[in-house]
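1. pasting a predicted model and its sequence here:
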Amino acid sequence: MKNHRIANSLIALALTLCYLSMSTNQLQGDRKPNILFIAVDDLRPSLGCYGDKHAFSPNIDALAKRSVLFDQAHCQVAVCNPSRASLMTGLRPDKLGVWTLPIHFREAKPGAITMPQWFRRHGYTAISHGKIFHNPTPDPQSWSEPIRQLTGVKQGYPNDVENIIRSVQAKLPAEDWRKNNLRGPATAAPVIDDHLLVDGARTDLVIDDLARLNQSEQPFFLAMGFIRPHLAWIAPKKYWDMYDPTTLPVLVNEQVTPHTPPYAISTSYELTHYVDQIDFPKPSDAQRLTDKNARHLMHGYYACVSYVDAQIGRILAALKEHGHSDNTIVVLWSDHGWKLGEHNGWGKMSNYEIDTRVPLLIATPDSRSAGKRISSPVELLDLFPTLCELAQIEMPTFVDGKSRVNMLNNPNAAYQSVAYSQYYRRHDHSQDPQQSPLLRPSQVRQYMGYALRTTTHRYVQWRDFETGAITAHELYDHRTNDGETENIFDKAAPELINKLSTTLLKSHPQKKLSLLPAVHSNPNNGRLPSSLKINNTTTTDLFVYPISPLGRRGRRRVVPANETLTLAARIGGVYVIESRDGTIHEIHSPSFPAKTIAISPTTHARDKPCTEP
């Protein structure tokens, strides 16, 4: 009997220890991994880890050693707003209806659910700093707390920069659009501390967050969006001093790829916004960029890459210091690439590889595939479902991307994946070097170019935006020409063309498109005036945006807590109202007789039950 009691006691003890062990493991398993979400604007793969021997990027390179590096990651649109809107909603641009800079995705698809919203609804605290969405539209309802404003940061320009701008503007023709919209120089190398420029200041806020989030029971989705190396290329002088500009691989003798439509290449117009580059040549111009100017601009780009790299190093050090490294997924991505002379162009805004290909690093806590490279094409769209699977939260059924966890776990396997990109172009054919006789002078037409990237080829199909009719083709063989300097469409085997075209059409069928978003004013009803009074009874600021007939947000008005704003509106007008804390997002139109809208704290847009877009 005694032995029996001892045996029972041992069994009970074993069961208890087993239960305690299971409970501990269960508790550890219940703690979801954190997400550190790092975006770098305009960053092409000019990094040491991507084989660029000129770039000084030790911190990103160190991250790459404990990450899976995607060598063929592609954005969906090679310009800021549509690229970020697509990535953050998980929706292809044609489904989302955002292809250009001015349209906010909330007007294009009001029911869209963003990645941070999805993570918040699964127990995460989501915090944003810097440029995650397009700067003018940060989408406060995606985040758990208001986006903090910066104070005391410097532009980095000399004190007399405004006088320089005004002097140049005075000499411009009256009809020049830069008469009222001219920026400072394209570069600057101030002797200044890192934290006094915008990216360094926001890095300080991220480091503060990592310290305070250490005490939270919730996992975090912490997003940091760096502005540089977006123009203007301003970085502390010490980062310029890291480079000898005479050694940089400057391109000044490149050519526009022949036998391509005139709307295939971008115009490099982005640089013409800056006071010292107003005469920057187009790729098709006979005028060439001087070696001296090209070398200086490239120097500025690389200096900004190194400046951002240093800030990323500070964040990763803080992640480790505050004990988050062992349970945090780190993602680093860019919204698109950037031409530094390729195709005789500068900037983004095309379907070429140099514009769509971006750095993408994913480091997971288990590090099972650390240091591996994946050469199969993937899309930024894939980040939404990939992070959901890694975090073991519910997989969204509405996203268009694919989870790439299988690639992370088996990076050496062969994958038959493809990546799609596209670009909207409005082109005036009267400016073509050889104008088609079928087109009237000054005829402006709209096009959408769709690019399909396989492991070996890039196929681009251009279509009329308003009808979907195919207007041109481009094909590049990356087995022989990574620079995409020869369009081989007319030489390629029909079987290859048919295969690529069929694949593209299956994903992106021919159809009529429209730039007009779902939310827009109706000019036909805009003759009758009717005031609109907005009474803010909440404890936070309200942001009021008039929406134009084209669906674009106008100048923002702010209604402080417990104050009222009266707008001189018209019937047919539309206004979007958002709160600074992200709890409110409403759409209102004036009526007759005039009405007062009371915005109260009982409205919680971001906490409503999730509905698929």
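-> Sure, I can see it.

2. might you report the residue contacts of Arg556?
-> Phe543, Val544, Tyr545 (CB atoms under 8 Å, 6 or more residues apart in numbering). To be clear about C-beta, it is placed using only N, CA and C from the backbone, and glycine gets the same treatment.

3. kindly reformat those as CSV containing neighbour count.
-> Shown next, in CSV, are these (neighbours: other CB atoms under 10 Å):
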residue, neighbour count
Phe543, 18
Val544, 22
Tyr545, 21
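
4. now, which of those residues lie within strands?
-> Taking DSSP state E as the definition of strands, the contacts of Arg556 contribute Phe543, Val544, Tyr545.

5. among those, which one lies nearest to His478?
-> Tyr545 (43.2 Å; CB to CB).

6. pull out the buried residues from stretch 506-516.
-> His508, Leu513, Leu515 (16 or more other CB atoms under 10 Å).

7. again, but for stretch 247-261
-> Quick answer for stretch 247-261 (16+ other CB under 10 Å): Leu248, Val250, Leu251, Glu254, Thr257, Thr260, Pro261.

8. do I have it right that Ala337 meets Lys348?
-> One correction, residue 337 is Gly, not Ala. Yes - here Gly337 reaches Lys348: they are 6.4 Å apart, a contact under CB atoms under 8 Å.

9. anything in contact with each of those two?
-> Asp42, Ala78, Asp355.

10. per-residue pLDDT, the residue nearest to Arg92 when sequence neighbours are not counted?
-> Nearest in space to Arg92, with sequence neighbours left out and distances taken as CB to CB, 6 or more residues apart in numbering, is Asp400 at 4.7 Å. You'll see Asp400 listed with a pLDDT of 98.

11. what number of residues lie near Asp400?
-> 21 (other CB atoms under 10 Å).

12. repeat that for the one 5 residues further on.
-> By other CB under 10 Å, the residues close to Val405 number 17.

13. list the residues that contact it.
-> Counting by CB under 8 Å, 6+ apart, Val405 touches Thr386, Glu389, Leu390.

14. just the buried ones from these?
-> Buried subset of these (neighbour count, 16+ other CB under 10 Å): Thr386, Leu390.

15. and the helix or strand hosting Gly300, what's buried?
-> Assigned by DSSP states H and E, Gly300 falls within helix 291-321. Buried residues in helix 291-321, counted by 16+ other CB under 10 Å: 293-316, 318-319.

16. what does stretch 147-165 give?
-> Using 16+ other CB under 10 Å as the test for burial, stretch 147-165 gives Ile147, Gly156, Tyr157, Val161, Ile164, Ile165.

17. wait, doesn't the first one sit right on Lys131?
-> No - Ile147 lies out of contact with Lys131 (CB under 8 Å); the separation is 10.8 Å.

18. show me what the residue lying closest to Asp199 once chain neighbours are set aside is bridged to.
-> Distances taken as CB to CB, 6+ apart place Phe226 nearest to Asp199, at 5.0 Å, with adjacent residues excluded. Judged by DSSP bridges, the bridge partners of Phe226 are Val40.

19. so who does Phe226 touch?
-> Ile38, Ala39, Val40, Asp41, Gly130, Lys131, Asp199, Arg202, Val308, Gln311, Ile312.

20. and Leu496, by the same measure?
-> Applying CB under 8 Å, 6+ apart to Leu496 gives the contacts His457.

21. for it, pull up the helix or strand it's in.
-> helix 494-507.

22. please point out which parts of that helix sit buried.
-> The neighbour-count check on helix 494-507 (16+ other CB under 10 Å) flags Leu496, Leu500, Leu504 as buried.

23. swap in stretch 479-487?
-> Buried, per 16+ other CB under 10 Å, within stretch 479-487: Glu484, Asn487.

24. quick one: contacts of it?
-> The contact list for stretch 479-487, computed with CB under 8 Å, 6+ apart, reads 255, 257-260, 342-343, 352-354, 456, 458, 474-476, 478.

25. widest-spaced pair of those?
-> Checked with CB to CB, the contacts of stretch 479-487 reach their widest spread between Gln255 and Thr456, with 23.5 Å between them.

26. got the contact list for the nearest residue to Arg357 once chain neighbours are set aside?
-> Leaving aside its chain neighbours, Arg357 sits nearest to Gly337 (5.3 Å; criterion: CB to CB, 6+ apart). Gly337 makes contact with 42-45, 75, 78, 348, 353-358, according to CB under 8 Å, 6+ apart.

27. what sits against the spatially most central residue of the chain?
-> Against the mean C-alpha coordinate of the chain, by CA atoms, centre = their mean, the closest residue is Arg84 at 3.1 Å. By CB under 8 Å, 6+ apart, the contact list for Arg84 reads Ala39, Ile132, Phe133, His134, Asp335.

28. quick check: the third one vs Tyr263, distance?
-> Look at Phe133 and Tyr263: by CB to CB, to the nearest Å, they are 28 Å apart.

29. neighbour count winner among those two?
-> Of the pair Phe133 and Tyr263, Phe133 is the one with more neighbours under other CB under 10 Å, namely 25 against 22.

30. so the more buried one touches Leu87, yeah?
-> No - at 9.7 Å, Phe133 does not count as touching Leu87 under the criterion of CB under 8 Å.

31. now do the helices in the stretch 151-300 of the chain.
-> Applying DSSP state H, counting those that start in this stretch to the stretch 151-300 of the chain gives helices spanning 161-170, 198-212, 237-240, 291-321.

32. for the closest residue in space to Ile315 that isn't next to it in sequence, give me the pLDDT.
-> Sequence neighbours aside, Val206 is the residue nearest to Ile315 in space, at 5.4 Å (criterion: CB to CB, 6+ apart). We have a pLDDT of 98 for Val206.

33. do I have it right that Val206 meets Ala317?
-> No - when contacts are counted by CB under 8 Å, Val206 is not listed as touching Ala317 (11.5 Å).

34. so what pairs up with His74 in the strands?
-> With DSSP bridges as the criterion, His74 is bridged to Arg357, Glu379.

35. neighbours of it, how many?
-> When neighbours are defined as other CB under 10 Å, His74 has 27 of them.

36. one more: Ile577?
-> Ile577 has 21 neighbours, counted by other CB under 10 Å.

37. distance between the ends of stretch 223-235?
-> 22 Å (CA to CA, to the nearest Å).

38. same question but for stretch 187-197, I mixed them up
-> 14 Å.

39. before we move on, what about stretch 323-341?
-> 43 Å.

40. could I get the average pLDDT for that stretch?
-> Throughout stretch 323-341, pLDDT has a mean value of 97.

41. mind listing what's buried along it?
-> Neighbour-count burial for stretch 323-341 [16+ other CB under 10 Å]: 324-325, 328-341.

42. for the chain, name the helix or strand with the lowest mean pLDDT.
-> Lowest by mean pLDDT, DSSP states H and E among the helices and strands of the chain is helix 2-30, with a mean of 40.

43. what ranges of this protein fall below the confidence cut-off?
-> For the chain, the stretches flagged by pLDDT under 70 are 1-29, 433-442, 602-613.

44. so how many other residues sit close to Asp366?
-> Residues lying near Asp366 (other CB under 10 Å) number 12.

45. secondary structure class for it?
-> Three-state call for Asp366 (DSSP: H, G, I helix; E, B strand; the rest coil): coil.

46. can you tell me how far it is from Ile35?
-> 15 Å.

47. what segments of the stretch 451-600 of the chain are strands?
-> 457-464, 470-477, 532-536, 542-547, 557-559, 564-567, 574-579, 585-588, 595-599 (DSSP state E, counting those that start in this stretch).
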